[in-house]
Every structure is written in structure tokens, then in C-alpha cells.
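this one's sequence-less:
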DNA sequence: CGCGATTTGTGCACGGCTTCACAAGCGCCT
DNA sequence: AGGCGCTTGTGAAGCCGTGCACAAATCGCG
């Protein structure tokens, strides 16, 4: 609401990173932690790039946005780089996260150790179902969603995870925003409308599979039969042709 | 392995969609199903774009890659468009999916109804832990991972989901590929090395949160105090600043 | 102290994606 | 039948991201 995303930041230490870079920094961070555990003190861009699964030039350009980080001829200091990235990502303190929806998926997320290890602390669980309120999960008690405002205030929660059914997600999002949450990770398969200034990221498991399905479909069309049919009318014909050839997916 | 991704496809009905388009088609599909349930027969690009959360021009260009789909002055026929997209994504039949790792997350995924509704059928569950083998989840029995090759053959499985701990993921991926799987959805926080021709998509929950954390960090630096401190040592100081500015998030 | 090996940081060009703006086409109404 | 309003499909411009290739910088060693 109050700030626009465009234009250079006037804050001195915010280099206004490209979004693509921001999306990769966490991956670098994970790789660096792994390297640190193995006892490495320094890494070359080549080595870190391999560990993170990216091009080394891209990695160097990404890191160059953080200011002077590496030393030529040597590489990057692992612990120093970890600190720098955690700085930029705002991971210098454990951020409190609220989780709404303690169903099938939410239950699993509440117990997922990966959050705790990587800068986050699930500070509160919520659900609308009174049958679930009061349940203990991983040392936390499930609270009713009406208690959102107080808890968000008390725990200084800025990030929330939505793991509710799709039909409830928009309502939950509205209440989260009203309570002061400004970042949402949405697992519900629907589009969320939020006011400007609130960030939403979406994770849709079925969509990921459907993207893979497309590539599968294409692979099997290439390796398998050449799909004989007229190039002109690509309408209902295709539909029928595919339904018939549907089984031929074995490698 | 056998095919390279570059160059135009020689198959007549594969328009070689841009990857960005492929990633959005599933979202359109979901929105269309929703519209169909509400009784809509046609949609304008504007309407569908709003429902999918994208720009309408982008949507039209995406759909134009599928061939003639809409009618000018009217819009898009909802059911027809659903069929077309499902065609292209290879969703004309329910694809069998294997799920490896029946821990915290895997358990939830096995019970997730969203897969079944959207073109996929979890055909087999695997785990390396003998204590879990034999367990019944959602009508399926957990099998030992050594049985992978047979089951993948029998069920014609081309897509697999990895929900194991990170340290086991690469091994599992190798075995999946050896068994004939050519698409992998990886929930383990690590990079997978797979031979060419195998597609991997990764979902890392902590990374999503870290990206949100970055934006939070930036917001609080903008709205709050101008972050007075030496540019040199950007260490613990920022940490304090953020904690103080944490309250100022009310809309 | 100087040289060579090594590795970072970056200028540059290329390709893909996004967005605007508008012409072409379609149906409806008179 | 003809015109009008609406909506698609697309040319063109601009932006962002990627990757090559190389200059600049640093360390170690003789």
C-alpha cells in the first residue's frame, strides 16, 4: 500500500536484487551450509555452482550484487558468504510463521523439521474446525482462527502459510492481512487477491505434476509413434487420436 | 537420453510451447474447471485472465499457441478449451504416479485428494524403512523400495515424487531412473543429478519462505526506520533493527 | 620482488518473455 | 443486408535474464 516496488531502493545496504537472483540465493545458502558441514572453508564459483545446480557465471553475477564477496584467485569464504546471504534474506533471526489449516497437508507441515533448521519457527497453528482446535501437534496447540489477530500481534508474525481447502483460502487470506500479515505462502489451489504490499507465493502440487505430464506427453510422442494425422484440423481429431493412443506411455 | 530438447519438434501437433506458457496452462485449466462448475459456457480472455491471476494479453498469446481456440467477439468456449489444454498437457488419461518416502510429508501427499481430482493417480508407495513397509495408507500398501523396478513396469509409471530426507534423495532418484521413470518431482532440499532426458522439478518449502523473508526484510527496512548503521559491519545490528520495526505492519 | 596460475567480476550480445496497441474477425441488432 | 460493438490474435518494442569471454585482481612460490 504505502510503498511501490518500482524504482531503486534508497536504503544503503539494499542493492535492489533482481527477482531471479533472490529466488536462487536460498539455494546457494543451502549448498553453502552443506559445504560448511563438510569442512570446506572456501569454495570456487565453479564448485558452488555445481552444488547448487546452476551456471557458474550466473552465480558470480548473483553474488556480485551483494557487494564484494569473493577474492580473486581464491574463491568465496564459506562462512562469510553464508552470513552475507542470510543478511540479505533477512534470516538473521528466526522468523515467526503462522500456519493456518491443520488438515492433511498442514499437519505434515507443522511437523516438518526443515523449517526450524532454516530460519523459521512455526509460532502458531490455526484451524476453523472446532474439532481440531485444542489438538497438540509437535508441541503446539491448535487455536481457533478467530484468535488470529491477538496471536499475530503477540508473536510478531509477518509470514503465514495457508494449508486450507481452496474454498476457504481467500477468506483466510483476508483475515491474515487484516491481522497484519504481509507475506503468504499459499498451498491452496486457487488465486488469492491481496492488497498491494502483501506478497503471495503459491505452491500447487498438482500443477507441478501437470507440467511434468506435459513433458512426458511430448517425450512419448517423440520416441514413440509419429502420431499420424492431418496437420490442418487440429481440433477434435487430436482429442480422439490421443484418447486412443493413451496407453502407449511405457518407455 | 535419446532426444535433445533443442530444435523444433517434428511432430505435427506439438507447437513447441514456450516453457513459460506450459507453466501457466495448468493454472488456466484450474480456473476453467472452476468456471465450468459455476455454469459458465464461455469466458473472455479478460475474465479468464482475472481468474488465473495473469495479464489478459499474455493469456491470449499463450492460448494462441494451441491453435484456433477462441471466437472473436465472444470469447473462449469453456469446455472446449478445457479439452484442448488437457490434450496438450497429456492429461487425457489418469497418469500413474509413484511416491517414494512415506514420512511426514509423504504421508500427507499420499492422502492428498488434489492429485486424484486433477489427472493423477498415486499408483504405488515406497519406503526404505522396513518398519513402514506394509503399512496401509489411503487404500495403498507401502512397498519396499527394492520392488521399484517391477512395480514401475507393471503400472507403467513414468512420474515419481520424492519425499524422502535429503541424504537419501539422490540414491532414490538413481533407482527411479534405472527403473524407467523419466519425470521426478523432488521435495527433498537438495539438487538431483539425472541423465539427460529426465525432467526434474523441485519444490522446497523452506526456500519459498526464505524468498518471502527477503521481501519482508525489505519492506520493514523501507517502512520503518532508515536503518542507521555502518555499511561495513552489517551483522547483528540489522537484526535488532528488524525486531524493533516488526510491529509496524498494520495496513 | 616479480611472475604465473587461478579465480572473480563484468561488458556485451543474444534470446525469451511481457506488454501495449491495434487490426481482423465475429455475432447481434436493426 | 449492413453496420456496430465486442473480443481475439498478433506485430512490435522494451525489459529482463542468461551465458560467453576476457580483463582485473589476488595468492603462492621461487
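Nice, I can see it. All figures in this text were calculated on a predicted structure; none of them were measured in a lab.

For chain A, what lies in contact range of DNA strand C?
A:43-46, A:56-57, A:60-61, A:63-64, A:68-76 (Cβ under 7 Å from any atom of the strand). From N, CA and C alone the C-beta is placed, and that goes for glycine too.

Over to the residue in the stretch 101-250 of chain A that chain B sits nearest to. Which of the three states is it?
Of all residues in the stretch 101-250 of chain A, the one sitting closest to chain B is residue A:217 (2.6 Å; Cβ to the nearest Cβ). When classified by DSSP: H, G, I helix; E, B strand; the rest coil, residue A:217 comes out as helix.

Before we move on, what's the pLDDT of the nearest residue to it once chain neighbours are set aside?
Nearest non-adjacent residue to residue A:217, counting by Cβ to Cβ, 6 or more residues apart in numbering or on different chains: residue B:90, 2.6 Å away. Looking at residue B:90, its pLDDT reads 97.

OK, contacts around residue B:90?
A:213-214, A:216-218, A:220, A:242 (Cβ atoms under 8 Å, 6 or more residues apart in numbering or on different chains).

Also residue A:91?
A:29, A:85, A:118-119, B:210, B:213.

So it belongs to a helix, correct?
No - with three-state DSSP as the criterion, residue A:91 is assigned coil and is not in a helix.

measure it to residue B:214 for me?
To residue B:214, residue A:91 is 9 Å away according to Cβ to Cβ, to the nearest Å.

Same question for residue A:48.
Residue A:48 is 19 Å from residue B:214, by Cβ to Cβ.

Ok, residue A:41 next?
From residue A:41 over to residue B:214 (counting by Cβ to Cβ), the distance is 26 Å.

So for the two, which residue has more residues nearby?
residue B:214 (24 against 13; other Cβ atoms under 10 Å in any protein chain shown).

quick one: secondary structure of the nearest residue in space to residue A:116 that is not next to it in sequence?
Distances taken as Cβ to Cβ, 6+ apart put residue A:122 closest to residue A:116, at 7.7 Å, once the chain neighbours are dropped. At residue A:122 the chain is in strand, as set by three-state DSSP.

Burial check on residue A:122, number of neighbours?
With other Cβ under 10 Å as criterion, residue A:122 counts 20.

so how far is residue A:110 from it?
Relative to residue A:110, and taking Cβ to Cβ, residue A:122 is found at 6 Å.

Now the common contact residues for these two.
Joint contacts of residue A:122 and residue A:110 (Cβ under 8 Å, 6+ apart) are A:99, A:138, A:140.

which of those are buried?
Buried subset of the shared contacts of residue A:122 and residue A:110 (neighbour count, 16 or more other Cβ atoms under 10 Å in any protein chain shown): A:99, A:140.

tell me which of the shared contacts of residue A:122 and residue A:110 is nearest to DNA strand C?
residue A:99 (29.8 Å; Cβ to the nearest atom of the strand).

Residue in chain A with the shortest distance to DNA strand D?
Counting by Cβ to the nearest atom of the strand, chain A gets nearest to DNA strand D through residue A:73 (2.5 Å).

What helix or strand is residue A:207 located in?
In this structure, residue A:207 sits in helix A:205-223 according to DSSP states H and E.

Please apply the same query to residue A:184.
Short version, using DSSP H and E: residue A:184 is in strand A:183-186.

what does that strand rub up against?
A:158-162, A:169, A:173, A:176, A:192, A:194, A:198-203, B:205, B:208-209, B:212-213, B:215-216.

what sits up against whichever helix or strand comes after that strand?
Per DSSP H and E, strand A:183-186 leads on to strand A:199-202 as the next helix or strand towards the C-terminus. Here strand A:199-202 makes contact (Cβ under 8 Å, 6+ apart) with A:173, A:182-187, A:192, A:194, B:208, B:211-212, B:215-216.

Relative to strand A:199-202, what are the paired strands and their orientations?
For strand A:199-202, the paired strands and their directions (DSSP bridges) are strand A:183-186 (parallel).

quick one, what contacts the residue lying closest to residue A:101 once chain neighbours are set aside?
Spatial nearest neighbour of residue A:101, chain neighbours left out: residue A:164 (3.5 Å); criterion: Cβ to Cβ, 6+ apart. Residue A:164 sits next to A:100-101, A:103, A:106, A:128, A:172, A:188 when contact means Cβ under 8 Å, 6+ apart.

hmm, 10 Å instead?
A:100-103, A:105-106, A:126-129, A:145, A:170-173, A:186-188, A:190 (Cβ atoms under 10 Å, 6 or more residues apart in numbering or on different chains).

among the residues you listed, which ones are buried?
A:100-103, A:105-106, A:126-128, A:145, A:170, A:172-173, A:186-188, A:190.

quick one: low-confidence parts of the stretch 1-150 of chain A?
Filtered on pLDDT under 70, the stretch 1-150 of chain A yields the residue ranges A:1-15.

the strands in chain A, which residues?
A:42-43, A:70-71, A:75-77, A:95-100, A:120-127, A:136-137, A:140-144, A:159-162, A:183-186, A:199-202 (DSSP state E).
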